[in-house]
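Undergrad: What follows is a predicted protein model with its sequence.
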Amino acid sequence: MNQKHRNCDTIQDKVASISKYLYPTNTQQRPLLALMSKLTSAEIVDGGKGVRLIWNDESTSRFHAIWLRDNSLDEQTRSSSNGQRLITLSDIPADTTLSEATLAEGALRVRFSPDQTQCHFPASWLKQHCYDSRKVPPPGWTSDGLTLWDSTQSLQAVSFDHAQVLADNASRRDWLAAVQRYGFAKLNQGPCIDGALMELAECFGYVRETNYGRWFEVRTEINPSNLAYTGLGLQAHTDNPYRDPVPTLQILYCLENSAQGGENQLVDGFHAAQRLRDLNPTGFELLTQHCARFDYNGSADVHLQSKRPMIELAPDGELIGIRFNNRSAAPITDVPFEKMEAFYAAYRQFGEIINDPNLAIEFKLDPGDSFIVDNTRVLHGRAGYAADQGSRWLQGCYADKDSLLSHLSVLNQQKA
Ligand code: NM2
Ligand code: OGA
Ligand code: ZN
């Protein structure tokens, strides 16, 4: 697309028309701070390769010319009907510099060279997206939007009424915000109806269908295809680590629970991983830097395999995923011989932390109750139960966090 010599005098209006796409109201993106920030000066630096802004609190932020050009908010750069970028990086000259940078009505107004395009950036947008002097904590950090928890976590604080979250936007928002922050939430007093969990997944997103079906029956079976379909206790685990990508949410919904035992436990895997890091930094590094392997071949028509670390970090050290499941851990072959003993010691220690009752919350589901877990973070387990007295019947399904967070963000925008 030819971007040369266009006139952007009315760009402020155009920015306004696309701003609904570009101002996330998500609380994790510092909007309040951004709204309160005012610019006091703008100075071109580094021969036009960047601009240095000073804020009313005297802090400074630098932005690169190429970054600003790529993120221009005008209608030629971003579609006014959907906010998507219309240009590719190749449409921007590699030698883009700033020829002018001034403050106008609190916004930054710039002109780029050589293509002479002009753009406005509202101060709040710049504050929200600044990247200068970003401090990266040591590996294993988690986002400010998460609250890590242990056995003292109040179950009440993350429990909601089933009918209310389906009927009412504000309750649904609170429920989904709890899943985002704590990695799980419980729902009480739903109907004891076969398949009722579908309505839960569908109220914020989409069911992830797998070889186990759109949903699956968790109860004792003869010749079970999976140990979940027995009365055995299950160590706290994440589901389906042998799948790539793993389902990022799981819902377990109780229809019957009169058998003795069968309590559920939940453990914050991010908390467990940080505890391992603090007790044994080398062990933590081993589990993050080497892949484990997972495998499921429990029925003749399925063979799922994956190779991923038990504790996954993003390139900047953010803790982003836990995979832990003794039943489907496959032989680990991606750790050098010299490190295997230490890797096993770390794996054992991680398991001990996960088994520590001080980290787990425990509850017994009543018929009509359910819980949802972020399967990349929170591990779930169950105590064994006797199959001969009473009955236990849960239904489960998978869904994905991207649509949950999307729905939550839309609800938050409606509130704002
Ligand atoms: N089920 C319940 O990930 C696992 O294999 C745990 C999964 C069979 C769908 C059980
Ligand atoms: C599962 C599972 C726990 C339970 O089905 O994945 O872990 O309470 N079930 O039966
Ligand atoms: Zn499970």
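TA: Good, I have the coordinates. Ligands and ions are numbered 1, 2, ... in the order given.
Undergrad: And the next helix or strand past the biggest helix by length in the chain?
TA: Scanning the chain for the helix with the most residues, using DSSP state H, yields helix 337-355. Next helix or strand after helix 337-355 toward the C-terminus (DSSP states H and E): strand 360-363.
Undergrad: does that following strand come close to ligand 2?
TA: No - judged by Cβ under 6 Å from any ligand atom, strand 360-363 stays clear of ligand 2, getting no closer than 10.7 Å. (Each C-beta comes from the backbone N, C-alpha and C, glycine too.)
Undergrad: Which elements pack onto that strand?
TA: Using 3 or more Cβ pairs under 8 Å, 6 or more residues apart in numbering; DSSP states H and E, the elements in contact with strand 360-363 are strand 264-268.
Undergrad: And the contacts of the strand it packs on?
TA: Contact partners of strand 264-268, identified using Cβ atoms under 8 Å, 6 or more residues apart in numbering, comprise 148-150, 153, 182-184, 236, 252, 354, 359-365, 371, 373, 377-383.
Undergrad: same thing but at 6 Å, please
TA: Residues outside strand 264-268 that contact it (Cβ atoms under 6 Å, 6 or more residues apart in numbering): 148-149, 184, 236, 354, 359-362, 378-382.
Undergrad: ok, of those, which one's closest to ligand 2?
TA: For these, the closest approach to ligand 2 (Cβ to the nearest ligand atom) belongs to residue 382, at 3.6 Å.
Undergrad: Would you confirm that that closest one contacts residue 232?
TA: No - using Cβ atoms under 6 Å, residue 382 is not in contact with residue 232, being 8.8 Å away.
Undergrad: neighbour-wise, which of those two wins?
TA: In terms of neighbours (other Cβ atoms under 10 Å), residue 382 is the more surrounded of residue 382 and residue 232; the figures are 25 against 15.
Undergrad: pretty sure residue 247 contacts residue 398?
TA: Yes - Residue 247 lies in contact with residue 398 (Cβ under 6 Å); the separation is 3.4 Å.
Undergrad: so after the helix or strand bottoming out on mean pLDDT in the chain, what's the next helix or strand?
TA: Lowest by mean pLDDT, DSSP states H and E among the helices and strands of the chain is helix 11-22, with a mean of 51. Sequence-wise, the next helix or strand downstream of helix 11-22 (DSSP H and E) is helix 31-36.
Undergrad: Contacts only, for residue 214.
TA: Contacts for residue 214 (Cβ under 6 Å, 6+ apart) come out as residue 207.
Undergrad: can you tell me which residues contact residue 186?
TA: By Cβ under 6 Å, 6+ apart, the residues touching residue 186 are 159, 371.
Undergrad: what's the answer for residue 280, then?
TA: Contacts for residue 280 (Cβ under 6 Å, 6+ apart) come out as residue 349.
Undergrad: can I see the domain layout of the chain?
TA: The record's domain parsing of the chain by automatic domain parsing lists 3-128, 156-415.
Undergrad: Can you say which of those is nearest to ligand 1?
TA: Of the domains of the chain, nearest to ligand 1 by Cβ to the nearest ligand atom is domain 156-415, at 3.7 Å.
Undergrad: Find the nearest non-adjacent residue to residue 230, please.
TA: residue 224 (5.2 Å; Cβ to Cβ, 6 or more residues apart in numbering).
Undergrad: can you map out the helices along the protein?
TA: In the chain, the helices defined using DSSP H lie at 11-22, 31-36, 65-70, 123-128, 162-167, 169-182, 196-204, 269-279, 281-289, 337-355, 401-415.
Undergrad: which bits of the stretch 201-350 of the chain sit near ligand 2?
TA: When proximity is defined as Cβ under 6 Å from any ligand atom, the stretch 201-350 of the chain approaches ligand 2 at 218, 228, 234, 239, 252, 264.
Undergrad: closest point of the stretch 151-300 of the chain to ligand 2, which residue?
TA: Per Cβ to the nearest ligand atom, residue 228 is where the stretch 151-300 of the chain lies closest to ligand 2, at 3.8 Å.
Undergrad: That residue and residue 36: what is the separation?
TA: 50 Å (Cβ to Cβ, to the nearest Å).
Undergrad: who has more neighbours, those two?
TA: residue 228 (22 against 12).
Undergrad: Per-residue pLDDT of the residue in the stretch 1-150 of the chain positioned nearest to ligand 1, please?
TA: For the stretch 1-150 of the chain and ligand 1, the shortest gap (Cβ to the nearest ligand atom) falls at residue 149, measuring 22.9 Å. Residue 149 carries a pLDDT value of 98.
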